[in-house]
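**Q** just to be clear, the model below is a prediction. Sequence and coordinates:
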Amino acid sequence: MKFPISRESLQAFDIAKEQEELQEEEIQKRFTQILDQLCLEFKERMPSNSTEKKFVWRGLHSIGQIQMLQRLDGGIPYSSLQNSNMNRALPIFVEKLKEVFIGCDIIIDPLQTYLIIDWS
């Protein structure tokens, strides 16, 4: 709920929609935090990557935890839930990366343990 708020908005208030919007905001914040961390690591390692023209990031596991905020399914084992989250969150994260690393190739290894940003 965002303030100030009108009478009409209060009358039309939908708690389920409000919770969904709050969860989406949290997910977007988490994407931003992870992307900021990746960019920080990229800047720190850039001098050693300048000749190779690629950057390997091993923080991909953090992507699988993002949507845990959205759904906590009590009956699903943690590993299955994390794999499901990774499959949903990874394409979104890659699109965000492409907005930051314009024209670069973003490569995900088959086991989804690391990614490569290639600007060669």
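**A** Alright, I've got the coordinates.

**Q** centre-most residue in this protein?
**A** Nearest to the geometric centre of the chain sits Phe31, at 3.3 Å (CA atoms, centre = their mean).

**Q** buried residues, the helix or strand harbouring it. List them.
**A** Assessed by DSSP states H and E, Phe31 sits inside helix 15-49. Using 16 or more other CB atoms under 10 Å as the test for burial, helix 15-49 gives 27, 30-31, 34, 38. Just so you know, the C-beta spots here come from the backbone N, C-alpha and C atoms, and that holds for glycine as well.

**Q** quick check: mean pLDDT of it?
**A** In this model, helix 15-49 has an average pLDDT of 89.

**Q** following it, which helix or strand shows up next?
**A** strand 54-57.

**Q** what are the pairing partners of that next one, and which direction each?
**A** Applying DSSP bridges to the sheet, strand 54-57 is found paired with strand 115-118 (antiparallel).

**Q** chain center to the partner strand, what's the gap?
**A** The chain centroid and the centroid of strand 115-118 are separated by 16 Å, computed with CA atoms, centre = their mean, to the nearest Å.

**Q** any residues touching it, and which ones?
**A** Identification of contacts with strand 115-118 by CB atoms under 8 Å, 6 or more residues apart in numbering yields 42, 53-57, 60, 94, 97, 101, 104-109.

**Q** before we move on, what about stretch 50-62?
**A** 34, 37-38, 41-42, 45-46, 49, 90, 108, 112-120.

**Q** isn't the residue nearest to the centre of the chain up against Val94?
**A** No. Judged on CB atoms under 8 Å, Phe31 makes no contact with Val94 at a distance of 11.1 Å.

**Q** good, wrapping up.
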